[in-house]
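1. I would like the atomic coordinates for the input below:
(2 chains)
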Number of protein chains: 2
Amino acid sequence: MTAATKVGFIGLGAMGRGAVGNLLAKGFEVVGCDVRPDALDWLREKGGTPAGSLAEMAAQVRIVVCFVVNAQQTEAVLFGKGGLVGNLPAGAVFIACSTMDPGYVRTLEGRLAAHSISLVDAPVTGGAVGAERGTLTIMGSGTPEAFELARPVLEVFGAKVHYLGPAGSGAQMKVLNQLLCGVHLAAAGEALALAKRQGLPLDLTLEILGSGAAGSWMLADRGPRMIAGEFDKVTSAVDIFVKDMSLVLDATRESRFPAALAHAAYLAFLGTTARGLGTQDDAAVTTNYDIARSAA
Amino acid sequence: MTAATKVGFIGLGAMGRGAVGNLLAKGFEVVGCDVRPDALDWLREKGGTPAGSLAEMAAQVRIVVCFVVNAQQTEAVLFGKGGLVGNLPAGAVFIACSTMDPGYVRTLEGRLAAHSISLVDAPVTGGAVGAERGTLTIMGSGTPEAFELARPVLEVFGAKVHYLGPAGSGAQMKVLNQLLCGVHLAAAGEALALAKRQGLPLDLTLEILGSGAAGSWMLADRGPRMIAGEFDKVTSAVDIFVKDMSLVLDATRESRFPAALAHAAYLAFLGTTARGLGTQDDAAVTTNYDIARSAA
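-> Below is the predicted model:
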C-alpha cells in the first residue's frame, strides 16, 4: 500500500475529522460519506472527496474506515439500503472504529466474510484531541491477514496500534476502556460539583486535583468544560456514554461481575439524559448534582 | 530561614521518608520521631537525628512537619502525654500534612494558638513517588504569616505549593482530592479484575488503558501492583482509604451532596478491609471482586 492509496471514510464527527486530517496530511486520498451536509463541506475544504452515496464510495475503494457512533449505524452503513455490502469489491477491508458490543462484532465478521469482505475491529481511545494529533491508541483485532492490510492506515492516526486477536477482542478491550473513561468522567463531574457546592475556587481546584494522585485524562480534558459550563459546544455527547456504559453493564452481567462504580457512573449519565441533556457535551454530567449550568 | 535550619519531623512512613530525604539533601537538619524503631534506624542512616522523645525533639526546633496517618495520631502527638504542646517554644510552627477532617483542623488552629503555636494545615498529593522526587502538590492553609514561615520547608518536597486561605481550606481541598483518588483507585481495581475475569492479557490491558482517555495517575501507579498481586509490600494501606473516604462521605453529607461514585468506592475499600486485608497495600482493593490474590 502506498501513501496514494484511496481510502473510504464514513463518519465525519470530531473523531473522524481528526483521523481524516491525518490521512490527508500523509498523502492518502480520502473519499468520505456523512449524513450531515456540513461534514461533506468540511471534507471538500480539507482536500478530500465527498461521495454522493455509500455505493459511489464503495465503487472507488478497497479499504473503508468507519467512525460512526454505534452498532446500529454500522449495520445500516453495511447492510442498509444502498449500503456497502454488494457494492464493495471482493477482498475489501472494512475497519470498524466504533465502540460496539463484542458479540455483535464477532457475528459481523462472519456475515461480511460471506460477501468476501474482511472485518477489522479496531476501536480507538485518546479522544478528539488524540485523533487530531494522530496519537490515538488502537485496539485492533480480526484475522492477521486483514489486520496487516489495515495497519498502514491505522498507523496514520494511531500512535500505538495493538493487535489483540480475533475480531471482537478489540471491542472487548474497548468496553473495559469505557468502564474507566465513564467512571473517571462522572467522578470529575462529582468532584467539581462538590467543589462548587463548597465554594472552592474552581480553576485552582482543577489545577490542584489534576497535578497529583487525583489526576486523570478525563479530568484534564473535560474539567475545563465543566467549569465553563459550555455544554452546547459538543465534542462527544452524553448519549454516547449512556450507550458505552450500557455495553459495560452488559459485559459485567455476562461475566457475573458486580462492578459497582461502573453502575454508579452509568446512572450519572442516564440521569443527565433524563433531564434532557442527552445531546449536550458529556461534560454536562456534572450538572447531575444540580449546579447551575450557566455559572462559571 | 537558612538551609541549615533544624526541622522536627514526625511520621517516617513512605511519604514521610520521601520528604525527609529531600530535606536532608537540601541541607536541612532533621530531628525525627516515629514509634517504629526501624524508622529511626533509617533516619540515622540517612544522616538525620532520631529523637528519644517528642519532648526532646520539641526542645530543639521551632518548626515541625507532621506526616502521621490521621487526626487521632496528630492529636496524640500534640496533646498526648509528653506531646509537643508544652514543650515547643512560643512562636513555633506546626505543619500538619495528614489528611484530616476540615472541622477538626479549624478547631485545632485555635487550640494551638492558645499555646502560641501556629498551625499550617498543608495536606499533600502525589504519593510516595512524589514525596521521594520532591514533586508533591501541597494544599497549604493557615494565617498568611504562619504559611510564609512554613513555605521554605514545604518548597523542598513540594513542586507546587498553594496557599488556599484559613486553616481548614487545605483539608477541605484534600478531601476533594481523596474523592477522586479513591474512585480512580477502586475503578482501576474494578477494570483490571474484570479484564482478568474475561481472560484478557493483563499487562497489555494496563498498557492500553493507561495510554488513552482511560488513563489516571492511580491506574499507572497501582495497576502494576494489582497485576502482580503483591499486597504484602505496603506503600499505603487499604485502611488509609477507608479513613479518607469516610472523610469524603462526611463532607458530602454535610454539603447535602449525593456523591454516588464516592460511596461505591468507599464500599469497595470497606469490603476489602472486611475480608481482613485492611493492613495490606491499597492495590488489594482489586481483590474485592474475588480474583485469586496469588494469580499474576
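
2. So A:L206, which state does it fall into?
-> helix (DSSP: H, G, I helix; E, B strand; the rest coil).

3. quick one, what contacts it?
-> A:192, A:219, A:223-224, A:227 (Cβ atoms under 8 Å, 6 or more residues apart in numbering or on different chains). C-beta coordinates here come from the backbone N, C-alpha and C atoms, glycine included.

4. Among the residues you listed, name the ones in helices.
-> A:192, A:219, A:223-224, A:227 (DSSP state H).

5. ok, how many other residues are close to the closest residue to chain B within the stretch 151-296 of chain A?
-> Residue nearest to chain B within the stretch 151-296 of chain A: A:G212 (3.1 Å; Cβ to the nearest Cβ). For A:G212, the neighbour count with other Cβ atoms under 10 Å in any protein chain shown is 24.

6. Name the nearest residue to it, sequence neighbours excluded.
-> B:T125 (3.1 Å; Cβ to Cβ, 6 or more residues apart in numbering or on different chains).

7. so what's that neighbour up against?
-> Applying Cβ under 8 Å, 6+ apart, the residues contacting B:T125 are A:208, A:211-214, B:136-137, B:139, B:174, B:177, B:181.

8. same deal with A:D221?
-> A:127, A:129, B:213.

9. Remind me which helix or strand it belongs to.
-> A:D221 is part of helix A:217-228, with elements assigned from DSSP states H and E.

10. Could you check that helix and say which residues are buried?
-> The neighbour-count check on helix A:217-228 (16 or more other Cβ atoms under 10 Å in any protein chain shown) flags A:217-223, A:225-227 as buried.

11. Over to the residue of chain A positioned farthest from its centre. Which of the three states is it?
-> Ranked by distance from the centre of chain A (Cα atoms, centre = their mean), the top residue is A:G199, with 34.9 Å. Three-state call for A:G199 (three-state DSSP): coil.

12. Spit out the contact partners of the residue positioned nearest the centre of chain A.
-> The centroid of chain A falls nearest to A:S98 when counting by Cα atoms, centre = their mean (5.4 Å). Counting by Cβ under 8 Å, 6+ apart, A:S98 touches A:11, A:66-71, A:73-74, A:123.

13. any idea how far it lies from chain B?
-> 15 Å (Cβ to the nearest Cβ, to the nearest Å).

14. per-residue pLDDT, that residue?
-> You'll see A:S98 listed with a pLDDT of 97.

15. hmm, back to that, could you dump the ones in helices among the contacts of A:L206 to CSV with distance to A:P89 and pLDDT?
-> Shown next, in CSV, are these (distance: Cβ to Cβ, whole Å; pLDDT from 0 to 100):
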residue, distance to A:P89, pLDDT
A:L192, 51, 97
A:L219, 46, 98
A:G223, 47, 97
A:P224, 46, 97
A:I227, 50, 96
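
16. Let's have these in a markdown table, adding distance to chain B.
-> Below are the ones in helices among the contacts of A:L206 laid out as a markdown table (distance: Cβ to the nearest Cβ, whole Å):
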| residue | distance to chain B |
| --- | --- |
| A:L192 | 9 |
| A:L219 | 7 |
| A:G223 | 11 |
| A:P224 | 15 |
| A:I227 | 14 |
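
17. coming back round to it: just the contacts of B:T125 now: which is nearest A:T287?
-> Nearest to A:T287 among those is A:A214, at 21.1 Å by Cβ to Cβ.

18. which residues touch the closest residue to A:A58 other than its chain neighbours?
-> Once flanking residues are discounted, A:A58 sits nearest to A:N87: 3.5 Å by Cβ to Cβ, 6+ apart. By Cβ under 8 Å, 6+ apart, the contact set of A:N87 is A:54-55, A:58-59.

19. now the residue nearest to the centre of chain A: how far from A:G158?
-> 15 Å (Cβ to Cβ, to the nearest Å).

20. Same check on A:K6?
-> To A:G158, A:K6 is 20 Å away according to Cβ to Cβ.

21. and those two? which has more neighbours close in?
-> More crowded of A:K6 and A:G158, by other Cβ under 10 Å: A:G158, with 27 against 14.

22. who's whatever residue of the stretch 51-200 of chain A ends up closest to chain B bridged to?
-> Nearest residue of the stretch 51-200 of chain A to chain B (Cβ to the nearest Cβ) works out as A:T125 at 3.1 Å. Following DSSP bridges, A:T125 is listed with bridge partners A:T137.

23. Spell out the residue ranges of the strands in chain A.
-> Ranges of strands in chain A, per DSSP state E, are A:6-10, A:29-33, A:49-50, A:63-66, A:93-96, A:118-121, A:124-125, A:136-140, A:158-163.

24. These: which one's closest to A:L185?
-> Here strand A:124-125 is closest among the strands of chain A (Cβ to Cβ), at 12.8 Å.

25. quick one: which of the ones in helices among the contacts of A:L206 is nearest A:S246?
-> Of these, the one sitting nearest to A:S246 (Cβ to Cβ) turns out to be A:L219, at 23.3 Å.

26. follow-up on the earlier one: return the member of the ones in helices among the contacts of A:L206 nearest to B:S169.
-> A:L192 (16.7 Å).

27. Now do the same for the closest residue to A:A260 other than its chain neighbours: its pLDDT.
-> Counting by Cβ to Cβ, 6+ apart, A:A260 lies nearest to B:A264, which is 4.2 Å off, once chain neighbours are set aside. Note on B:A264: pLDDT of 98.

28. Measure how buried B:A264 is and give me the count.
-> There are 22 residues near B:A264, going by other Cβ under 10 Å.

29. Check A:S53 too.
-> A:S53: 12 neighbours (other Cβ under 10 Å).
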